[in-house]
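Novice: 3D, please:
(2 chains, ligands or ions: 5)
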Amino acid sequence: MTATLQPDLAERVGMDPAFNPSACMNCGICTAICPLGLRHLPREVFAYVVLGMEEEVLQHQEEVFSCLLCKLCEVSCPAGVHITENVRALRHYFDRNVFRLQGR
Amino acid sequence: MSERKIGVYVCQCGGNISDYVDVERVRQAVAEDPDVVVARTAMFTCSDATQDEIADDIKLDDLDGLVVASCSPKLHTFTFRGVARRAGLNPYRYTQVNLREQDSWAHTDDRLGATEKAIRLVRAGIARTRLLEPLDPTVVETVPRALVIGAGIAGLRAAIGLADIGLGVVLIEREAEVGGHVRELGTMYPHDRQGQELISELLGEVRRREGIALFTNAELVRKGGTFGNYEVDIRTRGDSNMTRRFEVGSIIVATGFDSYLPEEGEYGYGIPGVLTLPEFKKLVDASEGPLVYGDRPVRSVAYIYCVGSRQGESGPHQYCSRFCCTSAVHTDLELRAKAPKVHQYHLYRDMRTYGRYELLYNDSREKGSAYLKFAPDTPPEVQRRGDGQLEVRVHDQLASQEEVNLDVDLVVLVTGMVPRSNQELIQRLKLPVGRDGFFNEIHPKLRPVETVVDGVAICGACQFPKTAGESVASGLAAVSWSAAMLKQGRAELDPQVATVDPDLCTFCGVCMEACPYGAIGQQELGGSRQVAVIDPATCKGCGGCAPLCPEHAINVLGYTGREVEAMIESLAAGVA
Ligand SMILES: Cc1cc2nc3c(=O)[nH]c(=O)nc-3n(C[C@H](O)[C@H](O)[C@H](O)COP(=O)(O)OP(=O)(O)OC[C@H]3O[C@@H](n4cnc5c(N)ncnc54)[C@H](O)[C@@H]3O)c2cc1C
Ligand code: SF4
Ligand code: SF4
Ligand code: SF4
Ligand code: SF4
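Specialist: Numbering: from 1, shown residues only, chains lettered A, B, ... in the order given. Ligands and ions are numbered 1, 2, ... in the order given. Next up, the predicted model:
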């Protein structure tokens, strides 16, 4: 399958300056450590955001909302990715764009 | 039978030899030789304790010959020559016999055979040693001046270093302007200083030093003379088309690299908007605000890494060019500072921003650039669509694991370094060229700037791909190598060189043609008889000439015809 890209997706998702999914260097520690065994969050969903693959991001709504925000991955991340902050930003993005919730 | 007092030491090499060779039997067999006055075995002959023991034996027994049967002469010839010298024995009366690489390691399945071979090898060493005469190193006087070829950042800095240490310098640059590639660069990593500025500062420093004679539009057209006193002819083009001759004690080659030029169609090269890294760097350096290419604003850029490097079996450039990952990442940051909104995609194979340059890579990711990894067997494809848009298709090996189509305004081919074509210089100096086309040092760790040509060193990116800082560091290494040699005013050369017996020589000229170093000349003896004569400072002792001489007039000292024949006889004799 060939993806269609939305180059400004990362800007639209992340309104907070702490939003930094692009800092990820794809080591995979987060995936190995996640107590829920989430497969696509954080690493792959972040990559979809950075590349602008909006449809793929939308397909992972369940994982975005299952995350415990336990920060186990975040404290182990060697690249200083603000993982839980980024997940919150993603939830906010779903709120606005999928559930059409108003306000910030 | 001659009467010599030879000491023989058979090494166990901690089992490397003694596991496969009965060293005690070897010792006994050679101890019978009437000229051998001491024969011992040792666990590690090269250990300090055994070296001291050998030195004591030399003094006590007044030895006049030494044989150590251990490992390859490449490893320990100088070690045991040193032992001999310290104990007052002429170091050229020493023979290293190789029982490890040439015997025990080669015959691990045949202890008896390996032991008998060891006996023959050691006997051959003794046979040679019996005939060895003392030799003294050839001493040459050295001229306190160096020639630096190439005035890039490495050559410029080397010239300044040489002048500051009190040596004269002739600095030549083929182009009209000095500075090489760095002259073309704006902001550089890691300090964000301008390349042009660095070069004009260095040029100012060069001009301030009277000891440096700088010639631009200049090339070396001839090298004559001998080590320590090379005569070099420098030709300058332009208004003053002339040739000047200088005497120099050392030559430093700093001729740099060429940037890889992609072939037409390689990753779309040739399509407008597909640029090489140097071309793109120029564009970014020159841009003040938002980037514009051909009147069109640039909103997105895709970098394709390793173009012309790491070609595997498919091309001549199999090495990594080392600077280009960092340069691409640094250019990304430079562009981001000028035009923060540009989307930058990096399509890489492996990210090699080694050492502190890792921080630049982190910074670029943190600031929002996207990095995708492709496999060498599925490289990205670049196309120009009907509407003029550039399209890069790549299979991302990282998180997305998908084929991705990137619509971009520019494609940057992250091109590497290739050897500069410099055939005439290579021939003139007999420079050693590696399989990759860059110049070769003697030893990458221990003699990192010297070449096998006496008095000739290499530095900068003509040796292998280097950053500017690494190029300068090697340039300064070449400075200290020059100073160590030239500040003494004299240098010692290996005396194991060829000599001609003038009584036998008929001057047939066969040897002159054979010598790869041009060491053989002609001399007139009394009665206008011509004979060949070999310059000991130029001869490498390779032995190429000796077996060709129909009159047997040539001998290599330390390996004379008699010595070699005696060795062959011992090797061929029975072991019993
Ligand atoms: C796009 C790009 C960006 C880069 N950015 C950086 C950076 O930001 N930071 C960094 O550290 N490095 C950077 N580099 C690497 C840097 O350019 C090299 O490390 C540096 O140029 C090597 O210097 P050099 O003196 O060995 O060779 P060169 O710069 O190639 O200079 C060699 C000189 O020798 C002359 N010459 C060649 N043959 C002869 C001859 N036969 N006779 C006389 N003269 C001769 C040439 O004309 C030239 O002037 C970059 C390289 C590129 C291509
Ligand atoms: S641990 Fe951090 S750097 Fe590693 S994959 Fe996860 S988010 Fe990326
Ligand atoms: S914060 Fe979320 S993604 Fe990270 S380990 Fe906890 S549950 Fe998994
Ligand atoms: S430095 Fe990077 S781009 Fe250059 S050849 Fe090496 S891996 Fe490839
Ligand atoms: S030994 Fe080798 S280098 Fe020396 S004169 Fe003979 S051929 Fe030339």
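Novice: For the host helix or strand of B:Ala457, which outside residues touch it?
Specialist: Taking DSSP states H and E as the criterion, B:Ala457 maps to strand B:456-458. Strand B:456-458 is contacted from outside by B:250-254, B:429, B:431, B:439-441, B:449-451, B:474, B:478, B:481-482, using C-beta atoms under 8 Å, 6 or more residues apart in numbering or on different chains. C-beta: built from backbone N, CA, C; applies to glycine.
Novice: Go back to those and keep what's next to ligand 1.
Specialist: B:Ala254 (C-beta under 6 Å from any ligand atom).
Novice: related to what we said a few turns ago, moving along the chain from the strand holding B:Ala457, name the first helix or strand you hit.
Specialist: Following the chain from strand B:456-458 toward its C-terminal end, the next helix or strand by DSSP H and E is helix B:468-486.
Novice: In terms of secondary structure, what does that next one contact?
Specialist: strand B:145-149, helix B:153-164, strand B:250-253, strand B:456-458 (3 or more C-beta pairs under 8 Å, 6 or more residues apart in numbering or on different chains; DSSP states H and E).
Novice: the inter-axis angle of the helix or strand that contains B:Ser200 versus helix B:153-164?
Specialist: Under the criterion of DSSP H and E, B:Ser200 resides in helix B:195-208. Calculated by axes from the mean of the first three to the mean of the last three C-alpha atoms, to 10 degrees, helix B:195-208 forms an angle of 30 degrees with helix B:153-164.
Novice: what about helix B:195-208, average pLDDT?
Specialist: For helix B:195-208, the mean pLDDT works out to 98.
Novice: Return the list of helices and strands in contact with it.
Specialist: helix B:153-164, strand B:212-215.
Novice: Not counting its neighbours along the chain, what's nearest the closest residue to ligand 1 within chain A?
Specialist: Going by C-beta to the nearest ligand atom, ligand 1 is nearest to A:Met25 of chain A, at 22.1 Å. Spatially, and ignoring its direct neighbours in sequence, A:Met25 is nearest to A:Ala79 (4.8 Å; C-beta to C-beta, 6 or more residues apart in numbering or on different chains).
Novice: domain ranges for chain B?
Specialist: B:6-135, B:145-256+B:420-491, B:260-417, B:498-557 (automatic domain parsing).
Novice: how about those domains, which one is nearest A:Cys67?
Specialist: Taking C-beta to C-beta, domain B:260-417 is the member of the domains of chain B nearest to A:Cys67, at 16.2 Å.
Novice: distance of B:Phe246 from B:Ser327?
Specialist: 37 Å (C-beta to C-beta, to the nearest Å).
Novice: What of A:Pro7?
Specialist: On the measure of C-beta to C-beta, A:Pro7 and B:Ser327 end up 24 Å apart.
Novice: who has more neighbours, those two?
Specialist: Comparing A:Pro7 with B:Ser327 by other C-beta atoms under 10 Å in any protein chain shown, the one with more neighbours is B:Ser327, at 23 against 17.
Novice: Tell me how many other residues crowd the residue nearest to that one when sequence neighbours are not counted.
Specialist: Leaving aside its chain neighbours, B:Ser327 sits nearest to B:Leu277 (6.3 Å; criterion: C-beta to C-beta, 6+ apart). When neighbours are counted by other C-beta under 10 Å, B:Leu277 registers 25.
Novice: ok, now B:Pro262?
Specialist: Residues lying near B:Pro262 (other C-beta under 10 Å) number 17.
Novice: Quick check: phi and psi at it.
Specialist: phi -60, psi 150 (degrees, to the nearest 10).
Novice: Next: B:Asp377.
Specialist: Torsion angles, degrees, to the nearest 10, at B:Asp377: phi -90, psi -10.
Novice: mind listing what it touches?
Specialist: Contacts of B:Asp377 by C-beta under 8 Å, 6+ apart: none found.
Novice: I'd like to know how far it sits from A:Asn26.
Specialist: Counting by C-beta to C-beta, the gap from B:Asp377 to A:Asn26 is 20 Å.
Novice: Check chain A for the residue nearest chain B and tell me.
Specialist: Nearest residue of chain A to chain B (C-beta to the nearest C-beta) works out as A:Ala47 at 3.2 Å.
Novice: Neighbours of the nearest residue to that residue once chain neighbours are set aside, how many?
Specialist: Closest residue to A:Ala47 apart from its sequence neighbours, by C-beta to C-beta, 6+ apart: B:Ala399 at 3.2 Å. By the other C-beta under 10 Å criterion, the neighbourhood of B:Ala399 contains 24 residues.
Novice: ok but B:Ala399 is inside a strand, no?
Specialist: No. In this structure, B:Ala399 is coil, not part of a strand, as judged by DSSP: H, G, I helix; E, B strand; the rest coil.
Novice: A:Met53 is in contact with that one, correct?
Specialist: No. If you go by C-beta atoms under 8 Å, B:Ala399 and A:Met53 don't touch, sitting 10.0 Å apart.
Novice: residue ranges with poor pLDDT in chain A?
Specialist: A:1, A:15, A:103-104 (pLDDT under 70).
Novice: Leaving out sequence neighbours, find the closest residue to the residue nearest to the spatial centre of chain A.
Specialist: For chain A, A:Phe46 is the residue whose C-alpha lies nearest the centre (C-alpha atoms, centre = their mean; 4.3 Å). Distances taken as C-beta to C-beta, 6+ apart place A:Pro21 nearest to A:Phe46, at 3.5 Å, with adjacent residues excluded.
Novice: tell me the contacts of the one you found?
Specialist: Going by C-beta under 8 Å, 6+ apart, the list of residues near A:Pro21 reads A:10, A:14, A:42, A:46-47, A:49-50, A:81, A:86.
Novice: Filter the residues you listed down to just the buried residues.
Specialist: Neighbour counting with 16 or more other C-beta atoms under 10 Å in any protein chain shown marks A:10, A:14, A:42, A:46-47, A:49-50, A:81, A:86 as buried within the contacts of A:Pro21.
Novice: Out of the helices and strands packed on helix B:195-208, which one sits most buried?
Specialist: Each of the helices and strands packed on helix B:195-208 was scored by mean neighbour count; the highest is helix B:153-164, a mean of 27, by mean count of other C-beta atoms under 10 Å in any protein chain shown.
Novice: Give the buried residues for stretch B:326-344.
Specialist: B:326-336, B:339, B:342-344.
Novice: Same question for stretch B:352-371.
Specialist: Here stretch B:352-371 shows B:352-353, B:357, B:360-365, B:367-371 as buried, counting by 16+ other C-beta under 10 Å.
Novice: ok so, going back, now, the buried residues of stretch B:326-344 that are in strands?
Specialist: B:343-344 (DSSP state E).
Novice: So which of the buried residues of stretch B:326-344 sit within helices?
Specialist: With DSSP state H as the criterion, helices contain B:326-336 from among these.
Novice: what subset of the residues you listed is also close to ligand 1?
Specialist: B:327, B:330.
Novice: Can you lay out the ones in helices among the buried residues of stretch B:326-344 as a markdown table showing distance to A:Gln59?
Specialist: Shown next, in a markdown table, are these (distance: C-beta to C-beta, whole Å):
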| residue | distance to A:Gln59 |
| --- | --- |
| B:Thr326 | 36 |
| B:Ser327 | 37 |
| B:Ala328 | 32 |
| B:Val329 | 31 |
| B:His330 | 36 |
| B:Thr331 | 35 |
| B:Asp332 | 30 |
| B:Leu333 | 33 |
| B:Glu334 | 36 |
| B:Leu335 | 33 |
| B:Arg336 | 30 |
